[in-house]
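> Quick one, structure for this:
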Amino acid sequence: MLTPKRRRALEIIRDHGPIGPGRFAEYMWPDSPCWQKVYKCGNAGSSRGTMMAMAAGGFLGKIWDDGLIIAVGSGPPRNYKLSLKGEQALKAKEV
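Model (predicted):
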């Protein structure tokens, strides 16, 4: 059974995939205040919202471990699309 959060994630990947962590984060958490946080990037300066892609990568890794998505292409960063198991999980609730 899918949690609402995982269902939403799989729907985003289905509708916009293959998708990388950065773009996934934009769709998954568009209103997060973390997009406004500024992170130091060593001597190169700073970057706004960088950690959102990192959070998305961790979340995608968890659903990848469960076999709901598969990696496509060569990384990094990897792009992901639904696996057969992920497609079946979405269809099971839609019926």
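> what mean pLDDT does the longest helix seen in the chain have?
Of all the elements of type helix in the chain, the one with the most residues (DSSP state H) is helix 50-65. Helix 50-65 shows a mean pLDDT of 88.
> One more: stretch 20-35?
Stretch 20-35 shows a mean pLDDT of 87.
> Give me the distance from it to the chain's centre.
Stretch 20-35 sits 8 Å away from the centroid of its parent chain (Cα atoms, centre = their mean, to the nearest Å).
> go on, stretch 34-44?
Averaging C-alpha positions (Cα atoms, centre = their mean) puts stretch 34-44 20 Å from its chain's average.
> got it, and stretch 52-69?
6 Å.
> just stretch 12-31 next, same as before
5 Å.
> List of residues touching stretch 39-57?
Applying Cβ atoms under 8 Å, 6 or more residues apart in numbering, the contact partners of stretch 39-57 are 21-22, 24-26, 28-29, 32, 34-38, 77. In this view, the C-beta of every residue, glycine as well, is placed from N, C-alpha and C.
> hey, where'd the helices end up in this structure?
Under DSSP H, the chain gives helices at 4-16, 21-28, 50-65, 84-94.
> which residues are in contact with stretch 82-95?
So stretch 82-95 is in contact with 2, 7, 10-11, 13-14, 17, 63, 66-70, going by Cβ under 8 Å, 6+ apart.
> buried stuff in the longest helix of the chain?
Neighbour counts over helix 50-65 (16 or more other Cβ atoms under 10 Å) mark 50, 52-53, 55-57, 59-60, 63-64 as buried.
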